[in-house]
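Got a predicted structure here, sequence first:
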Amino acid sequence: MPRTYLEKVIFSKQVRRADFLRFMPEGQKRELLKQASYLQGKRVVHINAVADGGGVAEILASLILYLRSLGVESDWYFINPDVGKRFFETTNKIHNALQGAPVKISGREWDEYKEISRRIAEELEKIDCDILAINDSQLLLAGYLAHLTKHKIYFSHIDTSSVFKPVWKKLLPAIKFYHRIVFSNRDFVNGSLPGRKVKIFTPAIDPLAPKQKIVSQKEARLYLKKYGGVPAHCPLIAQISRFDIWKNPMGVIQAFRIVQNTYPNAQLILVGFNTANDNPAAKTVYKDIAAVAGKSREISLFFDPKGKNVLEFTVMTQNGADIIVQNSIKEGFGLVVTEAMWKRQTVIGGPALGIRKQISNGKNGFIVKSPEEMAQKIIFLLSHPAKRRLVGNSARKTVFGSFLFPRLVLDHLKLYRSCLK
């Protein structure tokens, strides 16, 4: 067992408030500064599963710096990876069950989950804070078990509208215990939760983050050729997300096979570097996809991060592709969609609610429900570059107006203050 169950994220940089305030309208800017003034001298602590990999870690990496720049004391802790593979295998099952997958969790697995959660709770009790924010199900029970008089907030970044009931019943008392329960979409809220505690925060991307860098398509394609072996002069379709059943990469390959009948020189790249410790099932999904892709030279899979600059490779893929797809069946929000839209990319999304929150079909992107429909849209867009540019420009405007980080920070400040009133 590890000596500590939680580790603290140490930041080596700062954010200046002037750098992000320019992305806000004047009225919203004044409100942000007013709300921050009410929280001077208060301390907010966020806890999540991993420090790197996945949308939650990306949000926290920016959120803590923004809060500190506004004078709000903030820290971020994550689970020590040494808690062991079995803990994350169980929490991965819980994660899937909360999204409706029928899973089998043995009595021994529940006991181990409870024991590690109890030990994490003991460490939580030693952290000085006014507000404790728990992100997602890995720490759900630990936050509940921690005997703190402080205000507790549970952030659910997934769709719990149609849960696997045997698991949900075990966890519902813990979720109800929190002072506030935050979702990214009202449609994700399970009907058995107390409505007075529920808040809705639409996620956002940090325009100051290196991941939002925009480069020319030519530069990006030369990079992908050099570091990924992807041909520089061909139609390129990309999906960027972890190898996960809910992201439905199998459906993307099916669609691509149809596209090849019209564009035989097209390339598909699936970028899902395995950097997060909380998703042990990713390797199994990757192997299944690799078996389907076979030795096809037109399909490239990127899973092993060894020897790769994951951030740079991701940014170059987002800038270099002709079309970005995100074929999710379930999606808390899908920040990879937001990132691509910010870069003026045309995105084809699956039927997940989180993606439909961002894309207005036919205006700033497209929504499809089957591999056949996806293939049809890809073929149309490859043959109509002017349409891609029009949709891409509309996508960028959507993100600027609704999905940039300063607005999300304001949501957080209002929530913290409501807890402390």
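Here it is on my side, so go on. Residues are numbered from 1 along each chain as shown.

low-scoring stretches of this protein, by residue?
1, 277-278 (pLDDT under 70).

who are the neighbours in contact with the most centrally placed residue in it?
The chain has residue 55 as the residue nearest its centroid, 2.5 Å off, counting by CA atoms, centre = their mean. Listed by CB atoms under 8 Å, 6 or more residues apart in numbering, the contact partners of residue 55 are 157, 203, 332-336. (Each C-beta comes from the backbone N, C-alpha and C, glycine too.)

Dump the residues you listed to CSV, plus distance to residue 213 and neighbour count.
As requested, those are arranged in CSV below (distance: CB to CB, whole Å; neighbours: other CB atoms under 10 Å):
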residue, distance to residue 213, neighbour count
157, 24, 24
203, 20, 23
332, 24, 26
333, 21, 27
334, 20, 27
335, 15, 25
336, 15, 26
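
Among those residues, which one sits closest to residue 86?
The shortest approach to residue 86 among the contacts of residue 55 belongs to residue 157, at 23.0 Å (CB to CB).

Could you pull up phi and psi at the closest one?
Dihedral pair for residue 157: phi -100, psi 20, per degrees, to the nearest 10.

list the contacts for the closest residue to it other than its chain neighbours?
In this structure, residue 157 finds its nearest non-sequential neighbour in residue 332, 4.2 Å apart by CB to CB, 6 or more residues apart in numbering. Shown in contact with residue 332 (CB under 8 Å, 6+ apart): 55, 157-159, 184-185, 188, 203, 354.

how about those residues in a markdown table, adding secondary structure?
Output for these, formatted as a markdown table (DSSP: H, G, I helix; E, B strand; the rest coil):
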| residue | secondary structure |
| --- | --- |
| 55 | helix |
| 157 | coil |
| 158 | coil |
| 159 | coil |
| 184 | coil |
| 185 | coil |
| 188 | helix |
| 203 | coil |
| 354 | helix |
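
OK, contacts around residue 305?
273-275.

okay if I get those as TSV plus neighbour count, distance to residue 103 and secondary structure?
TSV is the format used below for these (neighbours: other CB atoms under 10 Å; distance: CB to CB, whole Å; DSSP: H, G, I helix; E, B strand; the rest coil):
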residue	neighbour count	distance to residue 103	secondary structure
273	20	25	coil
274	19	21	coil
275	17	24	coil
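
Between the residues you listed, which sits nearest residue 17?
Set against residue 17, the nearest of these by CB to CB is residue 275 (29.9 Å).

measure the closest one to residue 52 for me?
6 Å (CB to CB, to the nearest Å).

what's the answer for residue 199, then?
Counting by CB to CB, the gap from residue 199 to residue 52 is 27 Å.

quick one on the thing from earlier: between the contacts of residue 332, which sits nearest residue 90?
residue 158 (16.2 Å).

For residue 386, grab the count of nearby residues.
Residue 386 is flanked by 7 other residues according to other CB atoms under 10 Å.

Could you verify that it is part of a strand?
No - read with three-state DSSP, residue 386 is helix and lies in no strand.

From the contact counts, what lies against the strand or helix carrying residue 381?
According to DSSP states H and E, residue 381 maps onto helix 371-382. Under the contact definition 3 or more CB pairs under 8 Å, 6 or more residues apart in numbering; DSSP states H and E, helix 371-382 sits against helix 249-259, strand 323-326, strand 347-349, helix 385-402.

which helices and strands sit right next to the longest one?
In terms of contacts (3+ CB pairs under 8 Å, 6+ apart), helix 385-402 is packed against helix 335-342, helix 371-382.
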